[in-house]
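Visitor: have a look; sequence and predicted model below, questions after that.
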Amino acid sequence: MLFFILIPDEPLIFVEVALCSKMPESISEIIKIDREITEYKDINTAVFYSISNCQKGLAGISFGNFLIKKVAHKLKQELDDLNKFVTLSPMPSFVRWLEKKSLHEDLDEDSLMTQAILYLTESEREDNSPNDPVAKFHLGNGAILEKINLNADLSDKGIMQSKGLMVNYLYNLELLEKNHELFFKTKNVQQSDGIKSLKKKLQIH
């Protein structure tokens, strides 16, 4: 499913949305050709998995925050049982970040997850913004860090950029504005209970 922001006769930006019965943990659940078809009655989750500008002159200009919110509200009106809005997002700078720390080789799953959490939640930038550009976009929109998925994108690009990790950001429509204002005021990353529990298990303080 595609949604567009338009100027006369031409799209400016589009977002691709998958309608699912659960929050996906890998990109193959969404894009594989022989994926299981979700019955209309079982749809409860909208997954935003790709946002692209269509005009070269608009590179670097973000309309995505407006589009995601608009699409979420529109879908909510059309699908009575739709109650969760999430992304399945890449971590495009994660491996580069690991390489700077000389941590890009021989990480077991717990160590990889520990570094991913630190990368996504502990800024090393002078402006205190998230290390990850995709995280900055979604958190700035008022989303929260919901879940980090291992082996979520095993394509060459996914391995090269993020060692196969992808992220679910949750858009709670009732809390978007509050989270948006809080993020820009404090730069703190809003985190799900699942992320907090995982940090405790991995002894991340």
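Guide: Alright, I've got the coordinates. Numbers count the residues shown, from 1 in each chain.

Visitor: any idea of the mean pLDDT in stretch 134-153?
Guide: For stretch 134-153, mean pLDDT is 95.

Visitor: correction: the previous question concerned stretch 166-178.
Guide: Taken as a whole, stretch 166-178 has a mean pLDDT of 93.

Visitor: what are the contacting residues of it?
Guide: Outside of stretch 166-178, the residues within contact range by Cβ atoms under 8 Å, 6 or more residues apart in numbering are 23-27, 48, 68-69, 72-73, 76, 84-91, 120, 134-135, 138-139, 141-149, 152-153, 158, 179, 192. Using the backbone N, CA and C atoms, a C-beta is placed for each residue, glycine as well.

Visitor: show me which of those are buried.
Guide: 23-27, 48, 68-69, 72, 84-91, 120, 134-135, 138-139, 141-149, 152-153, 158, 179 (16 or more other Cβ atoms under 10 Å).

Visitor: among those, which are located in helices?
Guide: The helices, defined by DSSP state H, take in 68-69, 72, 120, 134-135, 138-139, 158, 179 from the buried ones among the contacts of stretch 166-178.

Visitor: need the residues you listed in a markdown table (columns: distance to T38).
Guide: As requested, these are arranged in a markdown table below (distance: Cβ to Cβ, whole Å):
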| residue | distance to T38 |
| --- | --- |
| I68 | 21 |
| K69 | 23 |
| A72 | 18 |
| L120 | 29 |
| V134 | 25 |
| A135 | 28 |
| H138 | 24 |
| L139 | 28 |
| G158 | 23 |
| N179 | 28 |
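
Visitor: number of nearby residues for F94?
Guide: Using other Cβ atoms under 10 Å, F94 is surrounded by 23 other residues.

Visitor: what residue, apart from its backbone neighbours, is nearest it spatially?
Guide: Counting by Cβ to Cβ, 6 or more residues apart in numbering, S162 is the residue found nearest to F94 once chain neighbours are left out, at 4.4 Å.
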